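Asker: This is a predicted model, with the sequence first.
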Amino acid sequence: MAKSSIMNPNARAALDKFKMEAANEVGVNLKQGYNGDLTSKQAGSVGGQMVRKMIKSYEDGIQ
């Protein structure tokens, strides 16, 4: 599977940090690199938390 290309090289590190923070908030232990041992439920809860945080950040920014 090919990784998506990111224009800004610092963006990958920022996204990884953001993902780790979201995982900690929902109680999922991620490790650096491949996390293929996660259940669908765990992966979904991390992704859902990331979306919630992005929406909140956007809403806070437009007020």
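Answerer: Yep, that arrived.

Asker: For K3, give me the pLDDT.
Answerer: Note for K3: predicted pLDDT of 59.

Asker: pLDDT weak spots in this structure?
Answerer: Scanning the chain for pLDDT under 70 picks out the ranges 1-6.

Asker: Run through the neighbouring helices and strands of the longest helix along it.
Answerer: Counting by DSSP state H, the longest helix found in the chain is helix 40-62. Applying 3 or more CB pairs under 8 Å, 6 or more residues apart in numbering; DSSP states H and E, one finds that helix 40-62 contacts helix 9-26. Glycine gets a C-beta too; all of them are placed from N, C-alpha and C.

Asker: what residues does the helix it packs on touch?
Answerer: I6, N29, L30, Q32, S45, V46, G48, Q49, M50, K53 (CB atoms under 8 Å, 6 or more residues apart in numbering).

Asker: Greatest separation within those: which pair is it?
Answerer: Maximum pairwise distance among the contacts of helix 9-26 (CB to CB): 25.0 Å, between I6 and N29.

Asker: ok, the most centrally placed residue in the chain to M54 distance?
Answerer: Note on the chain: the residue nearest the mean C-alpha position is K19, at 2.7 Å, using CA atoms, centre = their mean. Per CB to CB, to the nearest Å, K19 is found 12 Å from M54.

Asker: same check, this time on N10
Answerer: Taking CB to CB, one finds N10 at 18 Å from M54.

Asker: now L38
Answerer: From L38 over to M54 (counting by CB to CB), the distance is 20 Å.

Asker: quick one: which of the two has more around it?
Answerer: For L38 and M54, the more surrounded residue by other CB atoms under 10 Å is L38, and the numbers stand at 16 against 12.

Asker: if you skip the residues just before and after it, what's nearest to the more buried one?
Answerer: With CB to CB, 6 or more residues apart in numbering as the criterion, L38 has its nearest non-adjacent residue at 7.0 Å, and that residue is V28.
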